[in-house]
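Peer 1: Have a look; sequence and predicted model below, questions after that.
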Amino acid sequence: MHKETLKLKNKISKIFKNCNLSAKHSNICSDAIIYAELVGAQSHGLTRLKMYCDRIQKKLINPRPKFKIKNISNSISLLDADNSIGFVSADKGIDIAINKASKTGIALVGIKNSNHYGLSKYYAEKASKKNLISLCFTNAPPAIPPHGSKKALFGTNPICFSSPSSLNSPFTLDTSMSIINRGNIRKALKLKKKIPAGVALDLNGKITTDPKKALEGTQLPIASHRGSGLAWMVDILCGVFTGANNAGQVKDPFEVFTAPQNVGHLFLVFKSNLFVNNFSAKIKKNIQIVKKLPKFKKTKEILYPGEKSFNTFNVNSKKKLHIPTKILKEINKLLEK
């Protein structure tokens with residue numbers, strides 16, 4: 001990590017400590033936020049820092065949670081996160097899942113009473129680095145309408161799959177159920193930029209490139225009714241199944257300051273060699289077959305999911321991160337508190 005990035009990470013840790021998080025939890029939060037910046041997912045990085053601090057200050061996030069873990073079996077647990085910041089509760093949850101899966105072969109961990117946890121792949125790849133396959137789900141505030149409705153109800157509700165690949169980086173597919181993730185709309189609003197046409201509708205159901213109108217309206221799902229169906233599936237898994245908020249009850253962390261979010265997460269983790277002993281060789285061959293396929297002239301290389309962000313991480317780790325002036329001012333102001 002570049003020395004300037006390390007200094008920035010330490011500043012973020014200090015900000016969270018000033019918000020009454022423990023040193024350990026502050027470091028977990030700063031690590032996840034800087035990771036998002038390094039992989040090029042700025043929408044889930046520093047642009048959200050002030051929001052987390054505001055919600056802690058307003059007592060809508062508990063800086064000193066007391067986790068309650070219900071061990072349903074040797075492979076299944078439910079974590080009540082006590083309104084913890086999402087980074088900390090998800091980090092605890094994936095660690096539980098990794099430990100259980102390492103012993104029993106498979107683990108399922110549900111989490112309730114949590115908050116926004118950043119990038120799903122941050123947690124999924126903790127498992128793949130232990131030679132485990134993982135599926136990570138989280139629900140989110142209303143953004144996507146059910147198919148046939150004009151009212152937003154489901155969150156962008158990302159689905160993340162990560163597997164060891166026997167290559168440089170894990171095979172990690174991390175995608176929201178909307179064409180554009182909500183964080184990128186908020187980033188555009190903060191930096192006074194437009195969003196692409198065809199990804200969101202305003203309150204009147206018309207296509208808009210204005211991020212403010214997009215946040216007030218609805219986001220279009222991937223693959224039409226299939227995308228809204230998948231968003232609904234995630235809402236059931238993370239909300240109904242775990243006991244967290246669902247069906248439009250998850251609060252928008254930037255706009256609703258009347259109650260905690262009560263976000264739900266679900267982690268499924270299992271050994272990659274449960275069914276075959278030579279999984280590592282098989283997945284490596286699988287990826288190599290795809291990479292050798294004929295390419296379009298403009299395609300330099302066929303990349304597998306997760307490879308591009310891995311390359312971005314490596315490039316950004318060697319240089320000073322570019323942070324917009326407005327975000328830097330927010331950081332310095334938060335340090336003064």
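Peer 2: It's in. From a predicted model like this one, the values you see are computed outputs, not experimental measurements.
Peer 1: rest of the way, CA atoms for contacts and neighbours
Peer 2: Fine.
Peer 1: List the residues that contact the residue nearest the centre of the chain.
Peer 2: Central residue of the chain (Cα atoms, centre = their mean): Leu119, 2.4 Å from the mean position. The contact partners of Leu119, taken as Cα atoms under 8 Å, 6 or more residues apart in numbering, are Ala32, Ala36, His44.
Peer 1: Top of those residues by number of neighbours, please.
Peer 2: His44 (25 neighbours; other Cα atoms under 10 Å).
Peer 1: Pretty sure it sits against Ser120.
Peer 2: No - here His44 does not reach Ser120: they are 10.2 Å apart, not a contact under Cα atoms under 8 Å.
Peer 1: can you list residues touching both of those two?
Peer 2: Common contact partners of His44 and Ser120 (Cα under 8 Å, 6+ apart): none.
Peer 1: mind listing the strands for the chain?
Peer 2: 68-71, 76-80, 106-114, 132-138, 159-163, 171-175, 200-201, 218-219, 263-271 (DSSP state E).
Peer 1: closest one to Ile94 among these?
Peer 2: With Cα to Cα as the criterion, Ile94 lies closest to strand 263-271 of the strands of the chain, at 6.7 Å.
Peer 1: what pairs with that closest one, and is each one parallel or antiparallel?
Peer 2: Partners of strand 263-271 in the sheet, by DSSP bridges, are strand 106-114 (antiparallel), strand 132-138 (antiparallel).
Peer 1: So for Phe16, which of these sits nearest?
Peer 2: Among the strands paired with strand 263-271, strand 106-114 sits nearest to Phe16 (Cα to Cα), with 16.9 Å.
Peer 1: Name the residues of the closest one that come out as buried.
Peer 2: Ile106, Ala107, Leu108, Val109, Gly110, Ile111, Lys112, Asn113, Ser114 (16 or more other Cα atoms under 10 Å).
Peer 1: Which one of these is nearest to Phe241?
Peer 2: Distances from Phe241 to the buried residues of strand 106-114, taken by Cα to Cα, are shortest for Gly110, at 8.1 Å.
Peer 1: is that closest one in a bridge, and if so with what?
Peer 2: Beta-bridge partners for Gly110, by DSSP bridges, are Leu78, Leu266.
Peer 1: Over to the one 4 residues further on?
Peer 2: Taking DSSP bridges, one finds Val263 as the beta-bridge partners of Ser114.
Peer 1: my read: it touches Ala81, true?
Peer 2: Yes - the criterion here is Cα under 8 Å, and Ser114 meets it with Ala81 at 5.5 Å.
Peer 1: what do the two both touch?
Peer 2: With Cα under 8 Å, 6+ apart as the test, Ser114 and Ala81 both reach Ser89.
Peer 1: what's the closest of the buried residues of strand 106-114 to Ser166?
Peer 2: Ile106 (20.5 Å).
Peer 1: Chain neighbours aside, what residue packs nearest to the closest one?
Peer 2: Using Cα to Cα, 6 or more residues apart in numbering and skipping the chain neighbours, the partner closest in space to Ile106 is Phe270 (4.1 Å).
Peer 1: Count the residues that sit near the one you found.
Peer 2: Around Phe270 there are 26 other residues, counting by other Cα under 10 Å.
Peer 1: Off-centre distance for the lowest-mean-pLDDT helix or strand in the chain?
Peer 2: Sorting the helices and strands of the chain by mean pLDDT, DSSP states H and E puts helix 182-190 at the bottom, at a mean of 92. Relative to the mean C-alpha coordinate of its chain, helix 182-190 is positioned 15 Å out (Cα atoms, centre = their mean, to the nearest Å).
Peer 1: Just the C-alphas of it, formatted as CSV.
Peer 2: Provided in CSV are the C-alpha atoms of helix 182-190 (Å, rounded to 0.1, in the frame of the first residue of the first chain):
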residue,chain,number,x,y,z
ARG,A,182,-27.2,3.4,-5.9
GLY,A,183,-23.8,4.4,-4.6
ASN,A,184,-22.8,5.6,-8.0
ILE,A,185,-25.9,7.8,-8.2
ARG,A,186,-25.1,9.3,-4.8
LYS,A,187,-21.5,9.8,-5.9
ALA,A,188,-22.7,11.7,-9.1
LEU,A,189,-25.0,13.8,-6.9
LYS,A,190,-22.1,14.7,-4.5
